[in-house]
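Chemist: the following comprises the amino acid sequence and a computationally predicted model.
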Amino acid sequence: MPEPSRVGPLLSRHLGDRRFLLMLPRALGLQVLDPAIAAALTEHAPSRLWEHKKRTVNQMIYMAHMDRDMAAVIRNGHEHVKGVGDDGARYHALNPEVFLFQHATYVESLLTAAAVFGPPIPESQRVQFYRECCDWYRGYGISDRALPGSLPDFAEYFESACTERLRLTPAGEVLAAQVLRPDAWLARNLPAAAVRAMQHERVAELLGVRVGRADRVALRTVAAGVRLGFAGAPGRICRVPQARIARMSGHL
């Protein structure tokens, strides 16, 4: 039985920050190119991609801040998410390889959001930040046998996974259009050029997205505005509501 999840202070700072939500197009771009995740999203998500992710990511943030055993919740919520993908292969959301990769897309996007939008993670804190990300994953009650043990190991795992796991399927192709033109939540306010520029290079390659100078300038402009706006903003504006609710409820 895993220990109850209790998000560490560094992870809480970044996972509970609205700036992470602005980097979600990067995480989703990676997810929809994983054949198993793409199939699960098209077959089991009850609404448009961004409406679905608004619900599930908010829940993910809230659950991470709760000092209770999440294993039963994860099991009950994902047991029915299974089927056959476009390639004829069977998939299940609780498959440790699938679950780990989806989790990894959020970790990688957290690191990218911190670098692009802030607040930055100092080099001296990166080991602790990744350790807290591992504790977060273990709280799900999914096998951690393949969980990279260090940040360099994670970088190696992620590069390999992007090369070996990702490919464009019919399901992924349908979802990709929604990734690149978000139609709900915070991401809908992002310029399409900035969304293109924030995609992982492997995603851009597989989707045929040409990231030009204007795209990179658009992302830098958005990032500068975000950093300026958040510099003097009160905590209730900077924090994701689910993280604040968990804190006020005494879960953190």
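Modeler: Arrived safely, thanks for sending.

Chemist: which parts of the stretch 101-250 of the chain are helices?
Modeler: Applying DSSP state H, counting those that start in this stretch to the stretch 101-250 of the chain gives helices spanning 126-138, 151-164, 170-180, 192-197, 201-207, 213-231, 235-238, 241-248.

Chemist: comparing these, which comes out most buried?
Modeler: helix 192-197 (a mean of 21; mean count of other Cβ atoms under 10 Å). In this view, the C-beta of every residue, glycine as well, is placed from N, C-alpha and C.

Chemist: neighbouring contacts of that one?
Modeler: 25, 179-182, 187, 204, 209, 211, 214-219, 221-222 (Cβ atoms under 8 Å, 6 or more residues apart in numbering).

Chemist: could you do stretch 44-64 as well?
Modeler: Residues external to stretch 44-64 that are found in contact with it (Cβ under 8 Å, 6+ apart): 5, 7, 11-12, 15-16, 21, 24, 28, 32, 41, 70, 73, 80-81, 83, 106, 136, 139, 175, 178-179, 182-185, 187-188, 240-243, 245-246.

Chemist: same question, stretch 199-209
Modeler: Contacts for stretch 199-209 (Cβ under 8 Å, 6+ apart): 25-26, 29-30, 33, 108, 162-163, 166-168, 176, 180, 196, 210-211.

Chemist: average pLDDT across it?
Modeler: Per-residue pLDDT over stretch 199-209 has a mean of 98.

Chemist: centre of the chain to it, how far?
Modeler: Offset of stretch 199-209 from its chain centre (Cα atoms, centre = their mean, to the nearest Å): 17 Å.

Chemist: with stretch 33-41 instead?
Modeler: From the chain centre to the centre of stretch 33-41 is a distance of 14 Å (Cα atoms, centre = their mean).

Chemist: can you show me the CA trace of it as CSV?
Modeler: C-alpha atoms of stretch 33-41 as CSV (Å, rounded to 0.1, in the frame of the first residue of the first chain):
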residue,chain,number,x,y,z
LEU,A,33,1.0,11.3,-30.4
ASP,A,34,1.1,8.3,-28.0
PRO,A,35,-1.2,5.8,-29.8
ALA,A,36,-2.6,4.4,-26.5
ILE,A,37,-3.4,7.9,-25.0
ALA,A,38,-4.8,9.2,-28.3
ALA,A,39,-7.1,6.2,-28.6
ALA,A,40,-8.3,6.5,-25.0
LEU,A,41,-9.0,10.2,-25.4
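
Chemist: could you report the neighbour count for Asp17?
Modeler: 22 (other Cβ atoms under 10 Å).

Chemist: helix or strand: which one has Asn76?
Modeler: In this assignment (DSSP states H and E), Asn76 forms part of helix 71-78.

Chemist: what angle do that helix and helix 126-138 make?
Modeler: Comparing the axes of helix 71-78 and helix 126-138 via axes from the mean of the first three to the mean of the last three Cα atoms, to 10 degrees yields an angle of 70 degrees.

Chemist: next secondary structure after helix 71-78?
Modeler: Later in the chain than helix 71-78, the nearest helix or strand by DSSP H and E is strand 82-84.

Chemist: strand partners (parallel or antiparallel) of that next one?
Modeler: Strand 82-84 pairs in its sheet with strand 90-92 (antiparallel), by DSSP bridges.

Chemist: and which of the contacts of stretch 199-209 is nearest Phe99?
Modeler: When these are compared for distance to Phe99 (Cβ to Cβ), Leu30 comes out closest, at 14.2 Å.
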